[in-house]
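model the following, please.
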Amino acid sequence: MALRPLHLLSSPVLRERAQEVEDIDAEIRTLVDDLYDTMYAAEGIGLAANQIGIAKRVAVVDIGEGNRILLLNPVIVSKDGKEKAEEGCLSIPDIFGEVERAVNIVLETMDLDGKRHTLNLSDLEARAVQHEIDHLDGILFLDHLSPLRRRMLLKKWKKSRKGETGYLKEVTPAGAS
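Prediction:
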């Protein structure tokens, strides 16, 4: 198990558009394993490579229904319906906001053998995938909020970080102290 530190709000890599994966090699396979390990340890439902400091188009999602989704050079081909729901982010702990997203999406992604797959996703899976693809594009959920709500949440974030420096957060396995 390799747990990677999470990059928090203000880390420059969170605002980068991640680069396409050209070759699926041992480094990418290890990255995928580390993303899953880190996501589970941090008790999240999705994690993008940007969030652990790597600007590659790789992310993972698992909403806890036994259906792990690998996002490798993902592309949303279509969206349908709209719904607002509360979102949070492992890179902005304890901050939440109502974000409007498509209810249903059709996603194209690759597996670790380089084969393209099309997935039809809805509800929380679709929301989580859209959230992670935003990360790969350098977009945070805060960017979807009204300017007033964003300012309020950023003020709350700064207050919660008072006295803390840097933008890395070590991840420990769930339940460990």
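
what are the buried residues along the longest strand along the chain?
Looking across the chain with DSSP state E, the single longest strand is strand 92-101. For strand 92-101, the neighbour count (16 or more other C-beta atoms under 10 Å) marks 92, 95, 97, 99, 101 as buried. In this view, the C-beta of every residue, glycine as well, is placed from N, C-alpha and C.

tabulate the residues you listed (TSV), appending pLDDT.
Shown next, in TSV, are the buried residues of strand 92-101 (pLDDT from 0 to 100):
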residue	pLDDT
92	96
95	95
97	96
99	97
101	98
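
tell me which of those residues is nearest to residue 171?
Nearest to residue 171, judged by C-beta to C-beta, of those is residue 92 at 14.8 Å.

show me the contacts for that closest one.
The contact partners of residue 92, taken as C-beta atoms under 8 Å, 6 or more residues apart in numbering, are 8, 9, 140, 141, 142, 157.

considering those residues, which possesses the most neighbours?
The residue in these with the most neighbours, by other C-beta atoms under 10 Å, is residue 141 (24 neighbours).

still on that earlier bit, tell me the one of the buried residues of strand 92-101 nearest residue 24?
Looking across the buried residues of strand 92-101 and measuring by C-beta to C-beta, the closest to residue 24 is residue 101, at 28.5 Å.

surely that closest one is in contact with residue 81?
No - counting by C-beta atoms under 8 Å, residue 101 sits too far from residue 81 to count as a contact (9.3 Å).

can you confirm residue 2 is in a helix?
No - counting by DSSP: H, G, I helix; E, B strand; the rest coil, residue 2 is not part of a helix but coil.

does it touch residue 32 like I think?
No - using C-beta under 8 Å, residue 2 is not in contact with residue 32, being 11.1 Å away.

contacting residues for residue 135?
Per C-beta under 8 Å, 6+ apart, neighbours of residue 135: 14, 18, 48, 50, 51, 59, 91.

with pLDDT added, can I get the residues you listed in JSON lines?
Putting the contacts of residue 135 into JSON lines (pLDDT from 0 to 100) gives the following:
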{"residue": "14", "pLDDT": "97"}
{"residue": "18", "pLDDT": "98"}
{"residue": "48", "pLDDT": "98"}
{"residue": "50", "pLDDT": "97"}
{"residue": "51", "pLDDT": "97"}
{"residue": "59", "pLDDT": "98"}
{"residue": "91", "pLDDT": "97"}
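
spatially, which two of those are the most separated?
When C-beta to C-beta is used, the two most widely separated members of the contacts of residue 135 are 18 and 91, lying 14.0 Å apart.
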